[in-house]
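model this:
(chains A and B)
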Amino acid sequence: MNKKGGDKIISVYWFAILFIVAGAVVYMMAVFYGNPQDVRDVEVNLLIDSVARCIVDIGVLKEEVLEKEFDLLNFCDLRFDAEDMYGWKNDQYFLRVKILDFETKGEIIKPLEEGNVNLEDFCGKGNKNPICVEKRFYSIYLAGEKFEVNIFGVVRKTEKNA
Amino acid sequence: MNKRGNILTENIIFIILNFIFLSILIVFIFSQTGSAARLEEQYAKQIALMIDASEPGMILTLDVERAIREAGDNYKKEFIFIEDNLVRVQLREKGGYTYSYFKDYNVNPYPKVGGKYVFTIKKNE
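Alright, predicted model coming up:
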């Protein structure tokens, strides 16, 4: 009689353990797969790399970049339209390119800015905010002037990635 | 004799319940990892990033066999659409996932035999 009672208690415990395991698995799956995949880090790095490839040719800054009427988006074949969802307009990206003197760090031209400048205020405030990346590299110009090119990019798209 | 029969039946029910439980758990895990909605998102984002990393004149090939397998009866030859800087992947009758890319290129997707999709990248005129 006692043994039978003991077996029943074991099976009740066994099922309790199974349900705890199932609950843990479902919770982990929900946490892992319930959120969208975050690709913004890759996206913002691609954005900066494509701008770098576009304005610099084998380490030499292209002449057009220093022209007064330089249109960064048009020149680099970029378009900041995002899908018309969640109230998004053309406000999901931001890009800033600074051309600095390599020695003095003074600005050679006014920084080139495209997209939504307000996104910058949310940088470094966690995963539910825009992703920001800054890259800088050395470049030369026609007569051998040395420049530092500083590219800062931001991608928001929070609703689809975080 | 009867007591032995009872013990055996209880054990069999216990084992069967355990199997049912584990089967449900495994089916749940697989349904979550390879669902059509999940694949739509994965492919849309992958294609958008592929285009962002591309240059005009490139021809990109993507293996979409997993998507075709998942679409099953809903499978249509064309399920990747690119228009106006948006990639849309639709594996279900009602559904689909859209993701935008930032390159201003003219991208044309073509389904190819053997579970592949080809994308041609051209500069916008």
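
Check whether residue A:130 really touches residue A:162, as I assumed.
No - using CB atoms under 8 Å as the test, residue A:130 is too far from residue A:162 to be in contact (9.7 Å). Heads up, the C-betas are built off the backbone N, CA and C, glycines and all.

The two: who's more crowded?
Taking neighbours as other CB atoms under 10 Å in any protein chain shown, residue A:130 and residue A:162 compare with residue A:130 leading, 26 against 16.

Give me the local confidence score for that one.
At residue A:130, the predicted lDDT confidence score is 94.

Quick check: residues of chain A near chain B?
Selection of chain A residues close to chain B by CB under 8 Å from any CB of the partner chain yields A:7, A:11, A:14-15, A:18, A:22, A:25-26, A:29, A:33, A:36-37, A:39, A:42-43, A:46-47, A:49-50, A:73, A:77-83, A:85, A:92-93, A:160.

And those residues, which of them are buried?
Buried members of these, scored by 16 or more other CB atoms under 10 Å in any protein chain shown, are A:29, A:36, A:39, A:43, A:46-47, A:50, A:73, A:77-83, A:92-93, A:160.

Phi first, then psi, for the residue of chain B found nearest chain A.
Nearest residue of chain B to chain A (CB to the nearest CB) works out as residue B:104 at 4.0 Å. When quoted as degrees, to the nearest 10, the phi and psi of residue B:104 stand at phi -90, psi 70.

Now do the residue nearest the centre of chain B against residue B:106, distance only.
Taking CA atoms, centre = their mean, the centroid of chain B lies closest to residue B:39, which sits 2.6 Å from it. According to CB to CB, to the nearest Å, residue B:39 stands 26 Å off from residue B:106.

Show me how far whichever helix in chain A runs longest is from its chain's centre.
When chain A is scanned for its longest helix (criterion: DSSP state H), the result is helix A:2-34. How far helix A:2-34 lies from its chain's middle: 40 Å, per CA atoms, centre = their mean, to the nearest Å.

likewise stretch A:103-116?
On CA atoms, centre = their mean, the centre of stretch A:103-116 falls 21 Å from the chain's centre.

Would you mind listing what in chain B touches chain A?
B:10, B:14, B:17-18, B:21, B:25, B:28-29, B:32-33, B:38, B:41-42, B:45, B:48-49, B:52-53, B:56, B:84-86, B:98-100, B:102-105, B:123-124.

for the residue nearest to the centre of chain B, phi and psi?
Phi and psi for residue B:39, reported as degrees, to the nearest 10, are phi -70, psi -40.

Okay, now the unreliable bits of chain B?
B:1-6, B:34, B:74 (pLDDT under 70).

in the longest helix belonging to it, what's buried?
If you go by DSSP H, chain B has its longest helix at helix B:2-33. In terms of neighbour count (16+ other CB under 10 Å), helix B:2-33 has its buried residues at B:25, B:32.

what's the spacing between the one residue in chain A that gets nearest to chain B and residue A:50?
Distances between chain A and chain B by CB to the nearest CB are smallest at residue A:79, namely 4.0 Å. Here residue A:79 is placed at a distance of 12 Å from residue A:50 (CB to CB).
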